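Novice: build me a model from this:
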Amino acid sequence: MIAFIGLIIGIIIGVFWNVPIPDKFSPYMSVAIFACLDSVFGAMKAGLNNQFRADVFISGFFGNAVLTVVLVYLGDKLGIPIYLAAVIVFGGRLFNNFAAIRRLLLDKAKSH
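Specialist: Here you go, the predicted structure:
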């Protein structure tokens, strides 16, 4: 639940605090956002399964973001669009976590 609240607060701050990001950083931001959202959705799924651990969430949130940005930077220097692979992987994981969350919520709604 804390991950969801943090996500909502982050969205609200992002909407009202307009920070321009240069175009050259857009690949880095896209994978960092995907990595962070993957961690948030994973935390929501873990929370619904009563397996949430704050230390795992925080380390995954920042660790995934930093690792993907470093990989995208390396790919940028090598001339390889690694950010596409990261977007595909994290996008797939996001949809898998969302599907699991949806099923868990539907199962909980049916049991009540």
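Novice: may I see the buried residues of the strand or helix carrying residue 69?
Specialist: Residue 69 is located in helix 54-78, with elements delineated by DSSP states H and E. By 16 or more other Cβ atoms under 10 Å, the buried positions in helix 54-78 come out as 57, 60, 61, 64, 65, 68, 69, 71, 72, 75. C-betas here are computed from N, CA, C, even on glycine.
Novice: ok, these vs residue 108, which is closest?
Specialist: residue 57 (20.9 Å; Cβ to Cβ).
Novice: these two touch, right, that closest one and residue 39?
Specialist: Yes: using Cβ atoms under 8 Å, residue 57 is in contact with residue 39, at 6.3 Å.
Novice: any regions of the protein where pLDDT drops low?
Specialist: Scanning the chain for pLDDT under 70 picks out 1, 3.
Novice: OK, contacts around the most centrally placed residue in it?
Specialist: The structure's the chain has its C-alpha centroid closest to residue 37; by Cα atoms, centre = their mean the separation is 1.7 Å. When contacts are counted by Cβ atoms under 8 Å, 6 or more residues apart in numbering, residue 37 touches 7, 90, 94.
Novice: not counting its neighbours along the chain, what's nearest the first one?
Specialist: Yep, that's residue 7 we're talking about. Closest residue in space to residue 7, ignoring its immediate chain neighbours: residue 40 at 5.0 Å, by Cβ to Cβ, 6 or more residues apart in numbering.
Novice: from residue 81, how far off is that neighbour?
Specialist: Separation of residue 40 from residue 81 (Cβ to Cβ, to the nearest Å) stands at 25 Å.
Novice: not counting its neighbours along the chain, what's nearest residue 86?
Specialist: Residue 86's closest residue in space is residue 31 (Cβ to Cβ, 6+ apart), at 4.3 Å.
Novice: is it true that the one you found touches residue 88?
Specialist: No: counting by Cβ under 8 Å, residue 88 is not a contact partner of residue 31; they are 10.4 Å apart.
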